[in-house]
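1. quick one, fold the following:
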Amino acid sequence: MRARLTTDYRVACGTWKSSLLGMYRRLSVREREKEGRICAALRAMLLIAAGVSVLGPVPAHAADIPVAGAVYHVVRPDNSSWTYVDVVVGKGFAGRLPADVDAIEVAGPHGALPLVKSDFTYNPSSRDFWAALPGPPALGRYTFTVMVGDAIGSAMDTQSSLQAIPLPDTASLTPAKGATVTCRLPSFSWAAPALVQTTYYLLEIEDEDNGNVYRSGYVKDMFSVRLPADLLRDGQRYRWRLRLADGPDWVTLDNRSHSRWRRFTFRPVPQSCTYGYRMPDTIDDGWETSALSAERIDSAPITAMIRDILNGKFKDFHSVLLIKNGKLVLEEYFEGYTRNSKHKLASVTKSISSILTGIAIDKNLIPDAPHVGLHSVDYR
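-> As a prediction, the model looks like this:
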């Protein structure tokens, strides 16, 4: 059965097309692209005829091409709902993209989606083919198939929920539309919308040619980002927007929304950066938060220090966190770093390792722990 299924799968949607396995004829690349929808329907019929669900196991030869796929619901700024589809071809594929791909097919809970290769836009930086269809996606499982000659790659994804993720109040978005940004470390911020679900935020910036300049990645409960120095060019115009999602990446999210693009001009002025203290956000990371004033800390030197970092007096700062009475009272990030950014720890690792080892010994988690002593070494 498995060998028969694999052969029929390739016949229906690979190099050949059949009329219910009655007559075969060779298809050119152009014909396969033109009749991709027919191939997808025939494949589904063959699988059903073999007693296998259309969304059942992927054929054995599906690993010929490394493929990842995702479908998700997007609410655009005009409140319209769309089905977005992403198909990424892995770096293990040695061919040329997008030219060598003969066909792309997507099947959902109700059958084949009306998409062929020419409906997809290819992004070379991420090896991603993406397309959009009006209306929300149906709940259920989806299969993605990429065909190159006789080789096939497949992937699956599940759309589990449908919801509209509200955007922050536009009045809270900084910089405002048409603004001129003068700080050498441009800051982008927004207020938290009234949400009940966990939300991940992504900041993206493009130049006037719609080229990607910066993308933060999705960060849970993130309400501001400071760009690295020298990322933007003096006198140039850019545009920025926010994406909000219910998952941390393009594969796991089910729902996404995004704000309208807002244009701004970057024109740095020396010593123009200002800073206003804000209590750290409370998230489910185990830290209790508090304000500087509540912990009897003078905010004036703290404010002056952060302002000097922004204006370049102190360089190479990526973050500053301050804890008092077991509470996080200051949390600031610079140079494009966020609370989710990975960072080299260097010698800090030794301190953390010794702390954890001490706790483990104290709780008898390390039986027969050897005695550790301090030794001085004469390097003369």
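2. skip the chain neighbours and tell me the closest residue to the spatially most central residue of the chain.
-> Ranked by distance to the mean C-alpha position of the chain (C-alpha atoms, centre = their mean), the top residue is D249 at 3.6 Å. Take D249 and drop its neighbours on the chain: the residue closest to it by C-beta to C-beta, 6 or more residues apart in numbering is Y218, 6.1 Å away. Bear in mind the C-beta positions are built from the backbone N, C-alpha and C, glycine included.
3. so where is the stretch 51-200 of the chain shaky, pLDDT-wise?
-> Residue ranges of the stretch 51-200 of the chain with pLDDT under 70: 51-63, 195-196.
4. next, count neighbours for the residue nearest to Q159 when sequence neighbours are not counted.
-> Of all residues not flanking Q159 in the chain, P137 sits nearest, at 4.8 Å (C-beta to C-beta, 6+ apart). Using other C-beta atoms under 10 Å, P137 has 24 other residues around it.
5. same question for G108.
-> Neighbourhood size, G108 [other C-beta under 10 Å]: 21.
6. in the sheet, who's paired with it?
-> Beta-bridge partners for G108, by DSSP bridges, are G111.
7. which parts of the stretch 151-300 of the chain are helices?
-> Here the stretch 151-300 of the chain has its helices, by DSSP state H, counting those that start in this stretch, at 299-310.
8. all strands of it, in order?
-> Taking DSSP state E, counting those that start in this stretch as the test, the strands found in the stretch 151-300 of the chain are 151-159, 179-181, 187-189, 200-207, 212-215, 219-220, 224-226, 237-245, 255-258, 262-266, 288-289.
9. F93 is nearest to which of those strands?
-> Closest approach to F93 among these is made by strand 151-159 (7.7 Å; C-beta to C-beta).
10. elements contacting that closest one?
-> When contacts are defined as 3 or more C-beta pairs under 8 Å, 6 or more residues apart in numbering; DSSP states H and E, strand 151-159 sits against helix 2-13, strand 67-75, strand 140-148.
11. the closest residue to R76 other than its chain neighbours pairs with what?
-> Here the nearest residue to R76 in space, its sequence neighbours aside, is W82; by C-beta to C-beta, 6+ apart that works out to 6.4 Å. Taking DSSP bridges as the rule, W82 bridges to V74, P134.
12. where's W82 relative to A304, distance?
-> In this view, W82 and A304 are 47 Å apart by C-beta to C-beta, to the nearest Å.
13. of the two, which one has the most company?
-> Legend: neighbour count by other C-beta under 10 Å for W82 and A304, higher for W82 (16 against 12).
14. isn't the more buried one right up against V74?
-> Yes. The pair W82 / V74 is scored as a contact, 4.7 Å apart, by C-beta atoms under 8 Å.
15. which neighbours do the two share?
-> Common neighbours of W82 and V74, using C-beta atoms under 8 Å, 6 or more residues apart in numbering, are A132.
16. and this structure, what are its domains?
-> The domain map for the chain lists 2-159, 170-214+224-246+256-266, with the assignment taken from automatic domain parsing.
17. which one of these lies nearest to L356?
-> Per C-beta to C-beta, nearest to L356 of these: domain 170-214+224-246+256-266, 28.6 Å.
18. helix/strand/coil for I104?
-> I104 carries the three-state label strand when classified by DSSP: H, G, I helix; E, B strand; the rest coil.
19. got phi/psi on the closest residue in space to it that isn't next to it in sequence?
-> Using C-beta to C-beta, 6+ apart and skipping residues adjacent in sequence, the residue nearest I104 is K117, 4.8 Å away. Backbone geometry at K117, expressed as degrees, to the nearest 10, gives phi -50, psi -40.
20. check the gap between K117 and G235 for me.
-> Taken as C-beta to C-beta, the span from K117 to G235 is 41 Å.
21. so these two - more neighbours on which side?
-> Legend: neighbour count by other C-beta under 10 Å for K117 and G235, higher for K117 (21 against 9).
22. settle this for me: the more buried one is touching D102, isn't it.
-> Yes. The pair K117 / D102 is scored as a contact, 7.5 Å apart, by C-beta under 8 Å.
23. so which of the strands of the stretch 151-300 of the chain is nearest T121?
-> Nearest to T121 among the strands of the stretch 151-300 of the chain is strand 212-215 (13.8 Å), distances taken as C-beta to C-beta.
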